[in-house]
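Trainee: I'd like to go over a predicted model; first the sequence, then the structure.
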Amino acid sequence: MLVRRALSCSPIHAFEQISMPELPEVESTRRSLLPLLGGRVVFVDLRRSDIVEGSHTPAALLSGSSILALHRRGKQLAIEGTRGVVLVHLGMTGQLEYSAPDSHEQQTHDRHTHAIWSLKLANPPGLDGVLWFRDPRRFGGLWTFASMNEVHERWSALGPDALTISGKNLARAIAENRRAIKAALLDQGVLAGVGNIYADEALFRAGIRPGKIAARISRVHSERLANAIREVLGESIQSGGSTLRDYRNAAGQAGSFQSRHRVYGRGGEACVVCGTRLTQTTIAQRTTVFCRCCQH
Ligand SMILES: [Zn+2]
């Protein structure tokens with residue numbers, strides 16, 4: 001995957017300064033794109049072909065397609081058209097933004113805007129709209145597929161979606177995993193959608209230490225952790241996601257869940273539950289914050 005490749009050659013300290021969009025941010029983007037449903041793509045302007053994996057003909061990039069559906073699995077978003085599917089990975093700084101044509105003039109001259117779709121909307125009929133993909137760091141990208149069947153095949157490598165994970169399915173996913181639970185949660189093949197922010201937040205809410213070996217987590221604690229994952233992701237989606245620096249939804253709006261983070265980014269500060277100084281460490285090469293008192 002493009003992101004994995006990018007991470008392997010990127011210094012960790014540089015990487016840590018920017019949080020990546022996780023499931024709530026991608027889902028917020030998906031929801032903010034719903035006005036495009038039923039609209040028709042009349043023109044695609046691809047500025048950089050190296051951001052596309054697969055065919056980059058105009059038709060593969062949905063030119064001439066009507067938008068049928070917007071799907072998400074983990075952190076990936078699929079725009080399904082009548083003539084194909086474009087899968088979007090936001091990477092670190094990727095953004096899909098949508099607006100009326102008059103306000104997209106500035107994007108035309110922006111060197112970080114890599115693809116622009118011009119659309120005729122279905123509702124209200126005939127109104128013009130413009131969708132663009134912008135990604136300054138280019139760790140995200142677009143993948144083109146002939147159908148959703150091909151996308152589902154690709155998605156079969158991902159673990160279950162974190163937004164609907166059950167205790168039973170989480171227990172099954174981590175049963176043989178000898179790594180730290182935090183590392184297991186970050187592995188998209190184990191669970192799709194959780195990154196650094198929500199792994200720390202969910203483990204705090206579940207009272208589980210991030211360094212605990214995943215396979216040693218009891219069934220009861222798996223249930224508690226699955227509940228905490230669904231809860232924290234759901235609350236974040238309600239707040240439009242977390243914006244630490246770059247993230248905006250497709251309407252250009254920032255999220256507000258960052259103000260409700262209990263541990264992420266709070267190393268050395270007081271635990272909101274017991275007042276103990278929060279411990280900051282590194283697990284799976286990621287900054288990890290937890291409470292020694294509340295998490296076991
Ligand atoms: Zn505490």
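Mentor: It's in.

Trainee: low-confidence ranges, the stretch 151-296 of the chain, go.
Mentor: Per-residue confidence for the stretch 151-296 of the chain (pLDDT under 70) gives no ranges below the cut-off.

Trainee: now do the strands in it.
Mentor: Taking DSSP state E, counting those that start in this stretch, the strands of the stretch 151-296 of the chain run over residues 279-283, 286-290.

Trainee: partners of the last one in the sheet?
Mentor: To tie it back to what came earlier, the one meant is strand 286-290. Strands that pair with strand 286-290, judged by DSSP bridges, come out as strand 279-283 (antiparallel).

Trainee: and the helix ranked longest in the chain, what's buried?
Mentor: The longest helix of the chain (DSSP state H) is helix 219-238. Within helix 219-238, the residues that count as buried by 16 or more other C-beta atoms under 10 Å are 221-230, 232-233, 236-237. (Glycine included, C-beta is placed from N, CA and C.)

Trainee: among the residues you listed, list the two that are farthest apart in space.
Mentor: Spatial extent of those (C-beta to C-beta) is set by the pair His221 and Ile237 at 24.4 Å.

Trainee: domain parsing of the protein, as residue ranges.
Mentor: For the chain, the structural domains run 33-155, 162-290, going by automatic domain parsing.

Trainee: list the buried residues in stretch 79-92.
Mentor: 79-81, 83-92.

Trainee: among those residues, which are in reach of the ion?
Mentor: Among these, proximity to the ion is found for none (C-beta under 5 Å from the ion).

Trainee: for the residue of the stretch 51-200 of the chain at minimum distance from the ion, give me its contacts.
Mentor: The ion sits closest to Asp200 of the stretch 51-200 of the chain, with a gap of 13.2 Å, by C-beta to the ion. Listed by C-beta atoms under 8 Å, 6 or more residues apart in numbering, the contact set of Asp200 reads 182, 210, 263-264, 288-290.

Trainee: would you list those in CSV and tack on distance to the ion and neighbour count?
Mentor: As requested, those are exported to CSV (distance: C-beta to the ion, whole Å; neighbours: other C-beta atoms under 10 Å):
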residue, distance to the ion, neighbour count
Lys182, 17, 26
Pro210, 14, 24
Val263, 9, 26
Tyr264, 14, 21
Thr288, 15, 24
Val289, 11, 24
Phe290, 9, 24
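
Trainee: out of the residues you listed, which one sits closest to Arg138?
Mentor: Nearest to Arg138 out of those is Tyr264 (C-beta to C-beta; 25.3 Å).

Trainee: was I right about that closest one contacting Ile197?
Mentor: Yes: counting by C-beta atoms under 8 Å, Tyr264 touches Ile197, with 4.7 Å between them.
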